[in-house]
Every structure is written in structure tokens, then in C-alpha cells.
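J.: Give me a 3D structure for the following:
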Amino acid sequence: MNIGGKRITKIGVENFRNDKREDNFVIVSFYQRDSIWDHKKQKNVGEIWKSMQRFYFDKDGLTGINAEISDFNNDGFKDFTFQSGIAARGGNIIRTLFIYNPESKNFTLIKNSDSFPNLSYNSTLNCINSLILTGSTTTSFLKIKGDSLDEFARVDVSDKILVEEKDSLGRFRIIEEKIFTGNDEDFYRIYKNYKPLEF
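T.: Residues are numbered from 1 along each chain as shown. Take a look at the predicted model:
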């Protein structure tokens, strides 16, 4: 009940697994506290949890739900993610993200959140970070736009550090390029800023 509107919102997550059919899926349900109105007595006589939204997702058969409740857009309301998959030999944790909307009192499914692994909130730039592990390490800087994440900058680390920023036409342009001189620990760090570079 510490999600969305505190004490008026709650969530239920169910993970179903059928090993015979290799069929795995998750149901995410959001509920809102509602009053029971007695028309004869003209007063509230109790409360119920009313189902507001229900989502169905395919799920890998390898990982648990690993649900997290956290504020991903710094609006003071707790949002929700669960682990929907894993990639890159366990290095890229794929999560499905829901953002609470206090006006509608509903949750918005961020449709492309599973395209950006290892999501975290970045308080320095008030955005969302994604750490993508491939042959290189990429920190993506993301803003929530409607029901999607929009990448506005990235830092790619391999044998060099390449910093790119999206321009007004929506194209990425290189704003900094230099040789990577850090150690193994630096290679896998998440950047909290790209202008200037900071971990």
C-alpha cells in the first residue's frame, strides 16, 4: 500500500509458470480503495478494494518477479517495476516500468521500458538511467514522454569514451570523445552526468 497514492492504492502481482508447456506469464493488478455507500442510511458503511487496471505479460522462466517500488519521476509518488527478463549472461536486467499518475489515479505502462536494461533514477539530472552491457558499456539518459522513455543523451565506454546528445531535430551528435584511461571498475560505472562527465 506504499505505492501510488499511499493507503488508497495497492498492487497485486502473480507469476504463473507451467513447466510442461514452458508457458510463463505475469498478471499485474492495481487496486484503489473505495467507500461502500449505504443509500438508505446515506453514509459510508465500509471500504473495499476496487480493481482498476490489470495487465498480462509473458515472462521468462529463469528469474523471479523481483518487484521494486520507487519514485522514478521525482513527483513524490511511488512507481512500480518488476523483472521481466535477463540478457547478456545476467548483466542486463530487463524490467517493466509503471508510472503512477496522481490526476487519473492510474498507472501508465511505459511501453518501451524493457528496451532499456538496468533502470535507475538519476537525481542529478532528474531523469532515468539505463546501463547497457554489451562489448562496451553504455549509460543512456532517459526522460518519460507519455507512455515511453525518450533517450536524450548517452555515454559509451569501450577503448574510448564517446558522449552523444540529441539535438533539436532528434539526431544524436557527438559532443565529446576521448581515450578511456580508467580501470575495470570505471568501465562498468553508471554515469550520473554527461556534461560534464561524472559517475
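J.: Tell me the bridge partners for the most centrally placed residue in the chain.
T.: Nearest to the geometric centre of the chain sits L97, at 3.6 Å (CA atoms, centre = their mean). Assessed by DSSP bridges, L97 has beta-bridge partners T81, I110.
J.: Please tell me I have it right and T81 contacts D71.
T.: No: the pair T81 and D71 fails to qualify as a contact (CB atoms under 8 Å) at a distance of 11.4 Å. The C-beta positions use only the backbone N, C-alpha and C, and glycine is treated the same way.
J.: who's more crowded, those two?
T.: Just comparing T81 and D71: by other CB atoms under 10 Å the higher neighbour count belongs to T81, 21 against 14.
J.: Tell me which residues touch the more buried one, please.
T.: Listed by CB atoms under 8 Å, 6 or more residues apart in numbering, the contact partners of T81 are 67-68, 70, 72, 95-98, 113, 119.
J.: How about G61?
T.: Residues in contact with G61 (CB under 8 Å, 6+ apart) are 17, 19, 22, 24.
J.: what do you get for I11?
T.: The neighbourhood of I11, defined by CB under 8 Å, 6+ apart, consists of 3-4, 28-31, 80.
J.: Could you rerun that using 7 Å?
T.: Each residue near I11 by CB atoms under 7 Å, 6 or more residues apart in numbering is listed here: 3, 28-30, 80.
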